[in-house]
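Asker: Build the 3D model from these lines:
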Amino acid sequence: MGNMRLVDVGFIASQNGSVSNKLGVLGMLVKNIYLMDGGTVVDQMQDLPQFLQFKNQNTPNDKNISVNSKLNGSGNGFYQESGAKNDAVSKVNHKASGYYTNNIDTTFKGWIGLNKILSFLDRATYISTTIFKRLRLVIEYRNDLNAKVQTILRPALVYDMLIDEKQSSQIENALKNKQLYLDLLNVIVLFFLLELLILNNKRIII
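Answerer: Numbering: from 1, shown residues only. Next comes the predicted model:
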C-alpha cells in the first residue's frame, strides 16, 4: 500500500539536548530521500530540511503542539500561559521539542508518513509489486550533521500489505484497465496535437 512510514528515526548523542524546533529529528539527519524501483527513481525529495522547515512553519499551531511535537520532535507550536497574579501580561511559551540523549532507550525517536514528502505515495493508495518488483527506499544523510550526533539509529520502514489474493487480483485488473484507458487517451491527445501541427504548417505555407 502507499501509506509507508519511516519509524525509529533518531540518534545517540555525545551529550543531551533538544531536537531542532524547525526541522524535527528527520530534518536534522536526512538530506535526500529517494523511492526507487531497482535503478529507476520513482520519486524523490531533495533538500529535505528546507522542505520540512517550510512545511512545519505552515502547519496549524494546534497540530504542531499535539501531533508534530510527538511524532518528529519539532517545537513549532506555541501556547499562551497566564502570568502571575500581579502580572497582567500573559506569557507565550514555545512548545518544548523532543530531547536526544546518549542512551538508546531514552533518546527521542520520531516517525513520518512518507506520503507527506513523496507525492507518488500521496497519490498511490495501492502499489503493485507486479509493476514495481524491486521497490526500495534510499536515505541520504546530511554531511553537516550536528556535532553532538554520535550514532545514527537504523530506522525501520513500515507499510501495509494486502494478502487477500481475490482483492489483490481485483485491484490489479482495475489498474490494468485504468492504464489501458490512459494509454488510449495519450494516443488521442498525440493524434490531436499531430493534426494541429499539420494545420499550423499549412497555414504557415499559405
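Asker: can you tell me the average pLDDT over stretch 68-82?
Answerer: Per-region confidence: stretch 68-82 scores 79 on mean pLDDT.
Asker: Stretch 17-32 now?
Answerer: Averaged across stretch 17-32, the pLDDT comes to 90.
Asker: List the buried residues of that stretch.
Answerer: Neighbour counts using 16 or more other Cβ atoms under 10 Å place 19-31 of stretch 17-32 among the buried residues. Heads up, the C-betas are built off the backbone N, CA and C, glycines and all.
Asker: If the closest residue to Ile104 other than its chain neighbours is in a bridge, with which residues?
Answerer: Nearest residue to Ile104 in three dimensions, chain neighbours excluded: Ile12, at 5.8 Å (Cβ to Cβ, 6 or more residues apart in numbering). On the basis of DSSP bridges, Ile12 is bridged to Thr151.
Asker: quick revisit: biggest separation within the buried residues of stretch 17-32, which pair?
Answerer: Greatest spacing in these, by Cβ to Cβ: Asn21 and Lys31 (19.2 Å).
Asker: thinking again about what came up before, same list, the buried residues of stretch 17-32, but as CSV with distance to Leu137 and secondary structure please.
Answerer: Compiled in CSV, these are given as follows (distance: Cβ to Cβ, whole Å; DSSP: H, G, I helix; E, B strand; the rest coil):
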residue, distance to Leu137, secondary structure
Val19, 22, coil
Ser20, 22, coil
Asn21, 26, coil
Lys22, 24, coil
Leu23, 20, coil
Gly24, 18, helix
Val25, 17, helix
Leu26, 13, helix
Gly27, 17, helix
Met28, 19, helix
Leu29, 14, helix
Val30, 11, strand
Lys31, 14, strand
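Asker: of these, closest to Arg5?
Answerer: Nearest to Arg5 among the buried residues of stretch 17-32, with distances taken as Cβ to Cβ, is Leu26, at 11.6 Å.
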